[in-house]
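Undergrad: what would the 3D arrangement of this be:
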Amino acid sequence: MILEKTFIKDLILLKPQVYTDERGYFMESFNQKKIEKVIKDPFVQDNESLSKKNVLRGLHFQTPPHAQAKLIRVVKGSILDVAVDLRKDSNTFGQHFKHILSGENKLQLYIPIGFAHGFLCLEENTILNYKCSTYYNAGSEASILWNDPDLNIDWGIKKPILAEKDQLAKNFITFENPF
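TA: From the prediction side, this is the model:
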C-alpha cells in the first residue's frame with residue numbers, strides 16, 4: 001500500500017496494491033501494520049452508504065469529545081470526495097482537498113480529526129464504505145454548508161440532491177469551531 005501525502009498536512013491518499021487476473025481482482029483494503037507509522041487512529045466503526053447520482057452528502061463532522069477520523073473508500077461507482085481543514089492552528093485552515101475516489105481506481109482518503117467531510121456521487125448506486133475512529137454520536141453531529149462561498153468548493157453541480165440538514169447547515173464564518 002502506498003501512502004501519498006496531500007498539500008494539506010495529515011490528509012493522506014492511500015493506494016492499495018491490486019492483483020488482477022482473468023478471474024477478477026484481489027486487494028488488501030486495510031492493514032493496520034502497514035499504515036500505523038503514519039495513521040495512528042484506531043478504527044472502531046465501519047459505515048456504508050448507497051447513494052444515487054448527484055446526491056451530495058456533507059460537509060459533516062463530529063465535535064469533540066466524539067470527533068472522528070475517517071478512512072473513505074468507494075466500493076462501487078464514484079464520488080468527488082472533499083475534506084475541509086477546520087484546524088484553527090493549521091496553515092491550511094479553511095482550505096479544501098478534493099479527489100475522485102471510485103470502485104475502479106480503489107483509492108482511499110484518510111481524513112484526520114479536525115476536518116469536515118462531504119462527497120458528491122458521480123454515478124448511480126454508488127456504494128461508499130468508511131472507517132471511523134470513534135462511534136457515531138448524534139449529539140456531536142455538525143455540518144457546514146456545502147456551497148459556502150468562503151470555502152469556494154467547485155462541486156461541478158448547481159443543484160445536487162441534498163438532505164434537509166445539509167440545506168440548513170451553518171456557514172463557515174458563523175459555525176462554532178471546536179478545533
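Undergrad: at the geometric centre of this structure, which residue sits there?
TA: Taking C-alpha atoms, centre = their mean as the criterion, His117 is the residue nearest the geometric centre of the chain, at 4.6 Å.
Undergrad: His60 is in contact with that one, correct?
TA: Yes - because the distance of 5.8 Å satisfies C-beta atoms under 8 Å, His117 is recorded as touching His60. In this view, the C-beta of every residue, glycine as well, is placed from N, C-alpha and C.
Undergrad: which stretches in the protein count as helices?
TA: Along the chain, counting by DSSP state H, helices occupy 32-35, 164-167.
Undergrad: lowest-confidence stretch among these?
TA: Per-segment mean pLDDT for those reaches its minimum on helix 32-35, at a mean of 89.
Undergrad: so for it, what gets flagged as buried?
TA: Buried residues in helix 32-35, counted by 16 or more other C-beta atoms under 10 Å: Ile35.
Undergrad: same question, stretch 79-96
TA: Buried-residue list, stretch 79-96, by 16+ other C-beta under 10 Å: 79-87, 90, 92, 94, 96.
Undergrad: same check on stretch 114-124?
TA: For stretch 114-124, burial by neighbour count (16+ other C-beta under 10 Å) applies to 114-123.
Undergrad: repeat for stretch 129-145
TA: 129-134, 140, 142-145.
Undergrad: pLDDT score for Lys70?
TA: The predicted local confidence for Lys70 is 98.
Undergrad: hmm, I was thinking of Glu36
TA: 88.
Undergrad: residues in a beta bridge with the residue nearest to the centre of the chain, which ones?
TA: For His117, the beta-bridge partners are His60, Ala83 (DSSP bridges).
Undergrad: against Tyr110, how distant is it?
TA: As judged by C-beta to C-beta, to the nearest Å, His117 and Tyr110 stand 11 Å apart.
Undergrad: check Met1 too.
TA: Met1 sits 11 Å away from Tyr110, taking C-beta to C-beta as the criterion.
Undergrad: give me the contacts around the helix or strand of the chain with the lowest mean pLDDT.
TA: In the chain, no helix or strand scores lower on mean pLDDT, DSSP states H and E than helix 32-35, which sits at a mean of 89. For helix 32-35, the surrounding residues in contact (C-beta atoms under 8 Å, 6 or more residues apart in numbering) are 1, 3, 14, 28, 110.
Undergrad: tell me the pLDDT at the closest residue to the fourth one other than its chain neighbours?
TA: Using C-beta to C-beta, 6 or more residues apart in numbering and skipping residues adjacent in sequence, the residue nearest Glu28 is Pro16, 6.0 Å away. Pro16 carries a pLDDT value of 93.
Undergrad: okay then, goodbye and thanks.
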